[in-house]
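S.K.: quick one: sequence plus predicted model below, questions after.
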Amino acid sequence: MNIALWTAGLYALTFTLSLALLTAIMVLLPARYFVDEGRWFWSQQPPFFRWAGIIGKNLLGLVIVLLGILLSLPGIPGQGLLTILIGVMLLDIPGKRRLVRGIVRRPGIFQRLNQLRSWFGRPPLVVDTARQVTA
């Protein structure tokens, strides 16, 4: 009985934390994150701090991806796929922007993300420079 309560509590905690992290990232992203090319991460900082930030961001992304893989295993509570997505968004890997942009462009996901952003008073995401799809 005690183990079942601990398991349920751990599941609730990991579910809540991963949902809160995903929400924070989606709300804090610049509205034009999916259309602006190039590096925007600490672009105004001196080279040492910019590179330290980029390396730190990639290491954090790798740790989050590994955690997501662990959470995706059967019997381990948590939001594995959402956690992997968050980690991939932090990594600087070839094809990442195209993959994430393709996921975000899906109408259902795009509408939900913009609805979430509107709850926090943030402008809607822009995914296409030719036209802006709104929720």
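M.R.: Arrived safely.
S.K.: for Asn58, pull up the helix or strand it's in.
M.R.: If you go by DSSP states H and E, Asn58 is part of helix 47-72.
S.K.: in that helix, what's buried?
M.R.: Neighbour counts over helix 47-72 (16 or more other C-beta atoms under 10 Å) mark Gly61, Ile64, Val65, Leu67, Gly68, Leu71 as buried. (Each C-beta comes from the backbone N, C-alpha and C, glycine too.)
S.K.: between the residues you listed, which is closest to Thr7?
M.R.: Leu71 (13.7 Å; C-beta to C-beta).
S.K.: now name the helix or strand holding Val88.
M.R.: Applying DSSP H and E, one finds Val88 within helix 80-90.
S.K.: which elements pack onto that helix?
M.R.: Judged by 3 or more C-beta pairs under 8 Å, 6 or more residues apart in numbering; DSSP states H and E, helix 80-90 is in contact with helix 2-28, helix 47-72, helix 96-104.
S.K.: avg pLDDT for it?
M.R.: Confidence over helix 80-90, taken as the mean pLDDT, stands at 78.
S.K.: and that helix with helix 96-104, angle?
M.R.: 140 degrees (axes from the mean of the first three to the mean of the last three C-alpha atoms, to 10 degrees).
S.K.: which parts of the helix or strand bottoming out on mean pLDDT in the chain are buried?
M.R.: Lowest on mean pLDDT, DSSP states H and E among the helices and strands of the chain sits helix 80-90, with a mean of 78. Across helix 80-90, burial judged by 16+ other C-beta under 10 Å covers Gly80, Leu82, Thr83, Ile84, Leu85, Ile86, Gly87, Val88, Met89, Leu90.
S.K.: wait, what's in contact with the spatially most central residue of the chain?
M.R.: By C-alpha atoms, centre = their mean, the mean C-alpha position of the chain lies nearest to Ile86, the distance being 3.2 Å. Counting by C-beta atoms under 8 Å, 6 or more residues apart in numbering, Ile86 makes contact with Ser18, Leu21, Leu22, Ile25, Ile64, Gly68.
S.K.: so what's the fifth one closest to, chain neighbours aside?
M.R.: Read it as Ile64. What sits nearest to Ile64 in space, not counting adjacent residues and going by C-beta to C-beta, 6 or more residues apart in numbering, is Gly87, at 3.3 Å.
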